[in-house]
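Asks: show me the folded form of this:
(chains A, B and C)
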Amino acid sequence: MTIASDLLAWYDANARALPWRAPPGSALADPYRVWLSEIMLQQTTVAAVKPYFAAFTRRWPDVLALAAADEAELMAAWAGLGYYARARNLVACARAVATEHGGRFPDTEEGLRKLPGIGAYTAAAIAAIAFGRRAVVVDANVERVTARLSALETPLPAGKPMLHAFADSITPDERSGDFAQAMMDLGSTICTVRRPACLACPIAGACKGRDEAERYPLKAPKPVRPERRGSIFWLECDGDVLLCRRPPKGLLGGMAALPTGPWLPKDPGLADAPIETDWLLAGTVRHVFTHFALEASIYRATLPHVTLANDGGQSWFWAPITRIEQSGLPTLFAKAAAIARSMQ
DNA sequence: GACACGTGGTG
DNA sequence: TCACCAAGTGT
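Replies: Numbering: from 1, shown residues only, chains lettered A, B, ... in the order given. This is a model prediction of the structure:
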């Protein structure tokens, strides 16, 4: 038997039931749901995605509904899931599908690959899973499984092309979507990062790395994560708090946020405070991003009735404090808001 | 190729 | 506690 046939047999008996998957033995899954889930699952765990997928599909049941969505509402619905460029690209992609493709997703890798937010992995996954095309689907799970199967001694990312070629060599012509999902299920339940369960693996017989699976894949060492210091401002007025909209690109781009100062190696104090007033230090919040860690002071002040004019580049607005959880703040600011409110 | 880009779970 | 890492993409 081949690796593919052994793995597919295992998958037929052990596939995880996931909300975006078609029931076993049924027709192909809905391309919209496959696309939405694949975007949400980029660098994100199944457990984290599930509630967001349920909320999005209830609120926007198809790609035309999503294309018509208010962008700020969609960003707020994405708040907490991270990598917010995905949400910006999600809208752009839905609108491209609606206006340039008649509301239907392209059914080839090449066509899918042109859409915003869809890269090599996602294009292959949608083509295979939603459209039944043969495609070589390589994500971190597949890289780990194939690195172990082939006992690849070349560290990643340099070894990626070899793993893609190996994945291509074992991908079947039929059911390549199921094969891809089987590889991912195997990677998340058996061929795990730590303590892989080789004794339970349906393809251990073909695995060159099975005696030392945890060694693979070899990876280049990661650079150290720098520390930055910052300030976050909580300005109250009449039961409202001052929020702003982050610039459209960059860190937390396009998201609602509390006003901040610059984030630098040294404590910036009250630099870039939205107004000059008697700020009180309400606490600190620590948050770790992908490429730096932030420790921010939270400054608090209350205003009498005033209006705050927008000035260059800033886009401020007031939000009711009692419904701050519905403002769509990313996690850093949700944590800061909780700390600021706890000081009242 | 390298870096920017979030978050929460895990051992 | 903390480093690692997850169904990657864009620049």
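
Asks: spell out which parts of chain A neighbour DNA strand C.
Replies: Contact residues of chain A with respect to DNA strand C, defined by C-beta under 7 Å from any atom of the strand, are listed as A:18, A:20-21, A:37-38, A:41-46, A:83, A:85, A:89, A:116-123, A:125, A:139-141, A:144, A:181, A:184-185, A:187-188, A:193, A:219, A:221-222, A:225, A:288, A:290. The C-beta positions use only the backbone N, C-alpha and C, and glycine is treated the same way.

Asks: now those residues: which count as buried?
Replies: Neighbour-count burial (16 or more other C-beta atoms under 10 Å) is assigned, among these, to A:20-21, A:37-38, A:41, A:46, A:89, A:117-118, A:121-123, A:125, A:139, A:141, A:144, A:181, A:184-185, A:187-188.

Asks: the helix of greatest length in chain A vs DNA strand B: in contact?
Replies: Secondary structure of chain A per DSSP state H: the longest helix is helix A:85-100. Yes. Part of helix A:85-100 sits close enough to DNA strand B to count as contact by C-beta under 7 Å from any atom of the strand, namely residue A:85.

Asks: show me what that helix is packed against.
Replies: Contact analysis of helix A:85-100 by 3 or more C-beta pairs under 8 Å, 6 or more residues apart in numbering; DSSP states H and E lists helix A:31-40, helix A:63-67, helix A:71-78 as its packing neighbours.

Asks: average pLDDT across the longest one?
Replies: Model confidence over helix A:31-40 averages 97 on the pLDDT scale.

Asks: quick one: that helix to chain centroid distance?
Replies: 12 Å (C-alpha atoms, centre = their mean, to the nearest Å).

Asks: next helix or strand past it?
Replies: Elements were assigned by DSSP states H and E; along the chain past helix A:31-40, the next helix or strand is helix A:46-59.

Asks: name the SS class of residue A:224, please.
Replies: Judged by DSSP: H, G, I helix; E, B strand; the rest coil, the three-state class of residue A:224 is coil.

Asks: and residue A:297, what does it touch?
Replies: The neighbourhood of residue A:297, defined by C-beta atoms under 8 Å, 6 or more residues apart in numbering, consists of A:229-232, A:267, A:281, A:283-284.

Asks: change it to 7 Å
Replies: Going by C-beta atoms under 7 Å, 6 or more residues apart in numbering, residue A:297 touches A:231, A:281, A:284.

Asks: and the first one, that's in a helix?
Replies: No. Assessed with three-state DSSP, residue A:231 is strand; it does not lie in a helix.
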